[in-house]
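Novice: Sequence and predicted structure are below.
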Amino acid sequence: MGIMFDAQQRIFHLQGRDISYLLTILPNEQLGQIYFGQKIRHYDQLATGLRWATRGYLACVFEGDLAFSLEYTPQEYPAYGKTDFRHPAYQVQNAAGHTISDLRYVSHAILPGKPRLAGLPATYVEQDDEAATLEITLRDAVSGLTAVLSYTVYAERNVITRSARFENGGAQDVRLLRALSMCLDLPDADFEMMQLSGAWARERHLYTRPLTPGIQAIESTRGASSAHQNPFIALKRPHTTETHGEVYGFSLVYSGNFLAEVEVNHDHQTRVMLGINPFDFSWLLTPGETFQTPEVVLVYSNQGLEGMSQTYHDLYRRRLARGVWRDRERPILLNNWEATFFDFNEEKILTLARAAKDLGIELVVLDDGWFGHRDDDRSSLGDWVTHPEKLPRGLKFLAQEIEAFGLRFGLWFEPEMISKDSALYRDHPEWLLQVPEYDLSHGRNQFVLDFTRPEAREAIYQMVAAILADAPISYVKWDMNRNMTEIGSLALPPERQKETAHRYMLGVYAVMERLTQAFPEVLFESCAGGGGRFDPGLLYYMPQAWASDDTDAIERLKIQAGTSLVYPVSAMGAHVSAVPNHQVGRFTPLMTRANVAFFGAFGYELDITQLPAAERAAIQAQTAYYQAHRQTFQFGTFYRLSSPFEQNHTCWLTVAADEREAILVYVKTLAAPNAPFRAIRLRGLLPAAAYVVEETGQVFYGDDLMYRGFPLPAETGQDGDFTSSRWTFQRRAES
Ligand code: DGJ
């Protein structure tokens, strides 16, 4: 592994565990892309490399040369206006108003480890020998702008991370009009593009489409990565399956407006670019100022989608998430939201907590409505002080009482938002994101706080920190319940208004960083009206995120399966809720609700005091089971054995990191008469080991389970819809 530079051929070769990434300095001193894929040992530019040839209608770089053109040259960070007619990776307006630039190679450095990105979330290393980083400095001679392209390759992973850092080294202002994080030009277009799209309550459904000439893209302009498009795409070969074939993954470590764009040109070459959405974005760089783009994590797998997903899971769980909770088993929680909504008081919460203790739950979370005078969604955001009527003896008292039951206590905040009916708004109407003279739109009756303003961030930090310091609070849910409109800041000058959305994100990251560092023992969970900001950026600060406001087990199959394309099980908040389900009105068996939620940071979200005795007993059994096996659920290797997007049943498997146990869950969607007998092939077991099925006492060998398959229950036709089963395979001690 490592990074090699062949000075004679001017080629960089980055080698990860099974991958190679090759780039070169082109004849015009820009950077050319040679290869990204399965590891190769040796590359010879003269024998097999980039080629140029005269063609009709070609714009060429050098006078007298009719062959060298960027139009069909694969590049690393293409410019606008220099013979390439595809979208560029960046665009700069110089002091004269021109938008042409030409970043040329100046120097490079190869560093051990991976430097952090200033002010932005990013993957990291714990030891310098885990990774190596290549930094290539490019310079535009006219404006004096430099760009440093960063590439990190991990020794034991099939991952390349990329980002770019600009610095105005000239004497005059320049304006970045577009500053994407990366570009990858692939030599053909025989791919299908996969994306995770949806909406509130149906986040991250998987969509796949073949590439065609032209641009295909997903983006967010909502001020958040969004429930509608996740900042991730994959390009897979048409015949790639879950376990076989090539796929490239591209995941942007960012939580704001983004663009993920794929352009297929007339030569059927494919250009992939990701980064901050250039729409309504620009960034002024005065002399000496710098701009850092977010990071993109590129994964290559020739073992199908599973290889890609497992690479992301391990990286994001161990080298993106941080803090003491990164590797700790997450507590089973009870959230009062779907149990009470806004209608609660101290007694009700304490009653829920007592019942929770009895059921084996470990953490009680008080959701929206505990502050200001908030009895519905029209008031009090921004006033992070206890609601005196609902909690007359205060939060501290409530938290201490709950701790006295032997439980932990957690609390909900929505720090980025403000209600007009709040003391904060009365004191600081100028702290809302707004565009002067235009009416303000609202979402859920609330407005967005201007997190570009240090004084607004400071005020919110102080209020939240005071509560966390005062009461024994072990968990925080950081919510965000609307997208942005009228994106403008009264604190920024006219020439910087288009910086607002990104400055806002930097402000959010800064508060999250400060808060999580100040309260390192608190488990933080992010949330945005469900999974409206379920992205790698937030996982850097908070190791789990509420996956969706849709808690229906059948809906969750698609949401969690889609999410699992990139994100680990430990990151997905998943709760058992009441039936009929609040979002879809569906009745599902309690067992199915638990079996699906087990594949996540598990909890309950219903009025457990109203349940019949049989259901309370079932929940006691569920919590006991989860406690015994949560290490395997949360930190095992996750396998999608069948897909809810394609089939009437879903099978998920998790195999413990120490390979001592594996858990299989099978969920049937609709009942069918005369259903065929089915077996499902497990994966990731030790072929020669014997496994005892905890639930039935049967013994199987790993090879039998993986190659012949595990027999699924025969359907009687009378079982009804939405049933599920679970089996726990314990490896025999001697095997
Ligand atoms: C949206 C979240 O996703 C819910 O879980 C809940 O916290 C509500 N907000 C509260 O307003």
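Specialist: Happy to help now that I have it.
Novice: just the residues of the stretch 451-600 of the chain that are near the ligand, which are they?
Specialist: Counting by CB under 6 Å from any ligand atom, the stretch 451-600 of the chain comes close to the ligand at 479, 481, 527, 529-530, 546, 549. Where C-beta positions appear, they are placed from N, C-alpha and C, glycine not excepted.
Novice: For the protein, give the strand that spans the most residues.
Specialist: When the chain is parsed with DSSP state E, its longest strand is strand 174-186.
Novice: Show me what that strand is packed against.
Specialist: Counting contacts by 3 or more CB pairs under 8 Å, 6 or more residues apart in numbering; DSSP states H and E, strand 174-186 packs against strand 31-38, strand 90-93, strand 159-168, strand 247-253, strand 270-276, strand 283-285, strand 295-301.
Novice: where along the stretch 201-350 of the chain do the helices fall?
Specialist: Here the stretch 201-350 of the chain has its helices, by DSSP state H, counting those that start in this stretch, at 304-319, 337-340, 346-359.
Novice: Using a markdown table, lay out those together with mean pLDDT.
Specialist: Below are the helices of the stretch 201-350 of the chain laid out as a markdown table (pLDDT from 0 to 100):
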| stretch | mean pLDDT |
| --- | --- |
| helix 304-319 | 98 |
| helix 337-340 | 97 |
| helix 346-359 | 98 |
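Novice: Which one of these lies nearest to residue 665?
Specialist: Of all those, it is helix 304-319 that lies closest to residue 665, at 16.7 Å by CB to CB.
Novice: Identify the residue of the stretch 1-150 of the chain closest to the ligand, quick one.
Specialist: Residue nearest to the ligand within the stretch 1-150 of the chain: residue 121 (21.3 Å; CB to the nearest ligand atom).
Novice: list the contacts for that residue?
Specialist: Going by CB atoms under 8 Å, 6 or more residues apart in numbering, residue 121 touches 253-254, 294-295, 320, 509, 536-541.
Novice: before we move on, what about residue 472?
Specialist: Contacts of residue 472 by CB under 8 Å, 6+ apart are 396, 399-400, 403, 409.
Novice: gap between it and the ligand?
Specialist: Per CB to the nearest ligand atom, to the nearest Å, residue 472 is found 21 Å from the ligand.
Novice: In contact with residue 391, which residues?
Specialist: Applying CB under 8 Å, 6+ apart to residue 391 gives the contacts 345-346, 370, 397-398.
Novice: phi, psi of it?
Specialist: Phi and psi for residue 391, reported as degrees, to the nearest 10, are phi -130, psi 70.
Novice: In the stretch 1-150 of the chain, where is pLDDT below threshold?
Specialist: 1 (pLDDT under 70).
Novice: now the chain
Specialist: 1, 735.
Novice: center of it, which residue is that?
Specialist: residue 535 (2.4 Å; CA atoms, centre = their mean).
Novice: Can you give me the separation between that residue and the ligand?
Specialist: Between residue 535 and the ligand the computed distance is 15 Å (CB to the nearest ligand atom).
Novice: May I have the residues that are in contact with the closest residue in space to that residue that isn't next to it in sequence?
Specialist: Nearest-residue entry for residue 535: residue 225, 4.1 Å, with adjacent residues in sequence omitted and distances by CB to CB, 6 or more residues apart in numbering. Residues near residue 225 by CB under 8 Å, 6+ apart: 231, 254-256, 258, 532-535, 537.
Novice: Assign the residue of the chain found nearest the ligand to helix, strand or coil.
Specialist: Ranked by CB to the nearest ligand atom, the top residue of the chain for proximity to the ligand is residue 368, at 3.4 Å. For residue 368, the assignment made with DSSP: H, G, I helix; E, B strand; the rest coil gives coil.
Novice: Assess the claim that it and residue 479 are in contact.
Specialist: Yes. The pair residue 368 / residue 479 is scored as a contact, 7.2 Å apart, by CB atoms under 8 Å.
Novice: what touches both of those two?
Specialist: Counting by CB under 8 Å, 6+ apart, the residues touching both residue 368 and residue 479 are 412, 414.
Novice: and the stretch 301-450 of the chain, which residues reach the ligand?
Specialist: 337, 367-368, 412.
Novice: how about 8 Å then?
Specialist: 335, 337-338, 367-369, 377, 412, 414, 444 (CB under 8 Å from any ligand atom).
Novice: ok, the residue nearest to the centre of the chain - contacts?
Specialist: Contacts of residue 535 (CB under 8 Å, 6+ apart): 225, 230-231, 252-255.
Novice: Repeat that for residue 226.
Specialist: Residue 226 touches 220, 483, 532-533, counting by CB under 8 Å, 6+ apart.
Novice: gap between residue 399 and residue 274?
Specialist: Per CB to CB, to the nearest Å, residue 399 is found 42 Å from residue 274.
Novice: neighbour count winner among those two?
Specialist: The neighbour comparison of residue 399 against residue 274 (other CB atoms under 10 Å) goes to residue 274, with 32 against 23.
Novice: about what we covered before: for residue 513, find the nearest of the helices and strands packed on strand 174-186.
Specialist: Closest to residue 513 of these is strand 247-253 (CB to CB; 14.1 Å).
Novice: Just give the strands next to that closest one in its sheet, each with its orientation.
Specialist: Strand 247-253 pairs in its sheet with strand 229-236 (antiparallel), strand 295-301 (antiparallel), by DSSP bridges.
Novice: Now residue 470. Its backbone dihedrals?
Specialist: Dihedral pair for residue 470: phi -80, psi -40, per degrees, to the nearest 10.
Novice: Equivalent analysis for residue 136, please.
Specialist: Dihedral angles (degrees, to the nearest 10) for residue 136: phi -110, psi 120.
Novice: Spatially nearest residue to residue 255 (excluding sequence neighbours)?
Specialist: Closest to residue 255 by CB to CB, 6+ apart is residue 537, at 3.7 Å.
Novice: Leaving out chain neighbours, which residue sits closest to residue 696?
Specialist: Sequence neighbours aside, residue 727 is the residue nearest to residue 696 in space, at 7.4 Å (criterion: CB to CB, 6+ apart).
Novice: Give me the phi and psi angles of residue 561.
Specialist: Dihedral angles for residue 561 - degrees, to the nearest 10 - are phi -70, psi -40.
Novice: Return the residues in contact with the closest residue to it other than its chain neighbours.
Specialist: Nearest residue to residue 561, sequence neighbours excluded (CB to CB, 6+ apart): residue 644, at 5.4 Å. Residues in contact with residue 644 (CB under 8 Å, 6+ apart) are 557-558, 561, 650, 667, 669.
Novice: Repeat that for residue 9.
Specialist: Per CB under 8 Å, 6+ apart, neighbours of residue 9: 24, 44-46.
Novice: Surely it is within a helix?
Specialist: No. Residue state for residue 9 (three-state DSSP) corresponds to coil; a helix is not indicated.
Novice: what about the closest residue to residue 143 other than its chain neighbours, neighbour count?
Specialist: Take residue 143 and drop its neighbours on the chain: the residue closest to it by CB to CB, 6+ apart is residue 94, 4.4 Å away. Counted by other CB under 10 Å, the residues lying close to residue 94 total 19.
Novice: Can you lay out the contacts of residue 644 as CSV showing distance to residue 105, neighbour count and secondary structure?
Specialist: Shown next, in CSV, are the contacts of residue 644 (distance: CB to CB, whole Å; neighbours: other CB atoms under 10 Å; DSSP: H, G, I helix; E, B strand; the rest coil):
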residue, distance to residue 105, neighbour count, secondary structure
557, 49, 23, helix
558, 46, 21, helix
561, 44, 20, helix
650, 50, 26, strand
667, 54, 25, strand
669, 55, 15, coil
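Novice: In TSV: those, plus distance to residue 198.
Specialist: Shown next, in TSV, are these (distance: CB to CB, whole Å):
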residue	distance to residue 198
557	14
558	9
561	12
650	17
667	20
669	18
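Novice: Please identify the one among those that lies nearest to residue 314.
Specialist: residue 561 (18.4 Å).
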